[in-house]
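> one predicted model, sequence on top.
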Amino acid sequence: MAKRGGFPGGGMPGNMNNLMKQAQRMQRQMEESQKEMEQKEFSAKAGGGAVEVTVTGKKELTKVKLAEEVVDPDDIEMLEDLIMAAANEALRMADEANAEIMNKMTGGLGGGFPF
């Protein structure tokens, strides 16, 4: 009785084996790129540089710098808005850098695999 499924000789055909190797290589490259991305820092300023926020590639806030002149106890709302604007810009920069890495890895296929 013939074997069901599988490939003659019990192994994968050369083309399928090559695809598996490519997928494994891509996975290793993606892991390395992710580690590099997590170590990067992204800084953005708001209010003409009065507020500066730094985030990591892991999207963790690591630093907030405030110029003395922006700290006005009578206008806390403006300071809050500036911090939020700078943080959002820094996070956007991190997202763009991550998307650029993914685009290079996938050859512009929108995150899909080349097979």
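Received it, and whenever you're ready, just let me know what you need. Remember, predicted model here, so these are calculated numbers, not experimental data.
> and residue 107, how many neighbours does it have?
Residues near residue 107, counting by other Cβ atoms under 10 Å, number 11. Backbone N, C-alpha and C define where each C-beta goes, glycine included.
> also residue 86?
Count around residue 86 with other Cβ under 10 Å applied: 24.
> for residue 99, give its distance to residue 105.
Applying Cβ to Cβ, to the nearest Å, the value for residue 99 to residue 105 is 11 Å.
> okay, these two: which has more neighbours?
Each of residue 99 and residue 105 has its neighbours counted (other Cβ under 10 Å); residue 105 has more, 16 against 11.
> can you pull the pLDDT of the more buried one?
Here the pLDDT value assigned to residue 105 is 76.
> and it, what element?
Secondary structure assignment for residue 105, by DSSP states H and E: helix 76-106.
> same check, this time on residue 53
Residue 53 belongs to strand 51-56 when assigned by DSSP H and E.
> residue 44 too?
Per DSSP H and E: strand 41-46 holds residue 44.
> in its sheet, what does that strand sit against?
Neighbouring strands of strand 41-46 in its sheet, by DSSP bridges, are strand 51-56 (antiparallel).
> just give the nearest non-adjacent residue to residue 45, would you?
Take residue 45 and drop its neighbours on the chain: the residue closest to it by Cβ to Cβ, 6 or more residues apart in numbering is residue 52, 4.8 Å away.
> for the one helix or strand in the chain whose mean pLDDT sits lowest, packing partners?
The helix or strand of the chain with the poorest confidence is helix 14-39; it has a mean of 86 (mean pLDDT, DSSP states H and E). The contact analysis (3 or more Cβ pairs under 8 Å, 6 or more residues apart in numbering; DSSP states H and E) places helix 14-39 against helix 76-106.
> in the least confident helix or strand of the chain, what's buried?
Residues of helix 14-39 classed as buried: residue 37 (neighbour count, 16 or more other Cβ atoms under 10 Å).
> same thing with stretch 55-63?
For stretch 55-63, by 16+ other Cβ under 10 Å, it's 55, 56, 57.
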